[in-house]
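> Return atomic coordinates for the entry below.
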Amino acid sequence: MKVYISGKITGKENYLEEFFEAEKELKYCGYDVVNPAKHLIPGFTWKDYMKRDIALMLDCDFIYKIEGWEKSKGARLESKLCEILGIPTLEVKALNHRW
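Next comes the predicted model:
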């Protein structure tokens, strides 16, 4: 199964750590992971990222929402789109493992 990681990126200092920790956890569980924080492109606007990321998300079986996702305009948009389209979501309150 393919999973998309959703969470706050804009304005958050430790987002890379959170996204890469989530990716490790999900890969350990055997999932094919789409991590939007992995491919940041200089000069891209928020709108550019959202267009790219929504296309990536729509190709996934479910999304994995990192704690604090609701503080992100983009993650809220992704979550609402999943709700409308019937794409399952999993909200994570905290990651317990350190690799």
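> hang on, Y15 packs against A37?
Yes: between Y15 and A37 a contact is recorded at 6.1 Å, counting by C-beta atoms under 8 Å. Just so you know, the C-beta spots here come from the backbone N, C-alpha and C atoms, and that holds for glycine as well.
> Listing partners with orientation, what would you give for the host helix or strand of L90?
Here L90 sits within strand 89-91, counting by DSSP states H and E. Sheet pairing of strand 89-91 (DSSP bridges) gives strand 62-65 (parallel).
> who touches the worst-scoring helix or strand of the chain on mean pLDDT?
The helix or strand with the lowest mean pLDDT-type score in the chain, counting by mean pLDDT, DSSP states H and E, is strand 89-91 (a mean of 87). Residues lying outside strand 89-91 but in contact with it, judged by C-beta atoms under 8 Å, 6 or more residues apart in numbering, are 6, 62-65, 67, 69, 79, 82-83.
> how many other residues sit next to K2?
In terms of burial, K2 registers 13 neighbours under the definition other C-beta atoms under 10 Å.
> let me fix that: V92
Summarising burial for V92: neighbours were counted as other C-beta under 10 Å, giving 18.
> Spit out the contact partners of W69.
If a contact means C-beta under 8 Å, 6+ apart, then W69 has 6-8, 75-76, 79, 91 as its contacts.
> Which one (most neighbours) among these?
Highest neighbour count within the contacts of W69: S6, with 29 neighbours (other C-beta under 10 Å).
> Alright, I will stop here.
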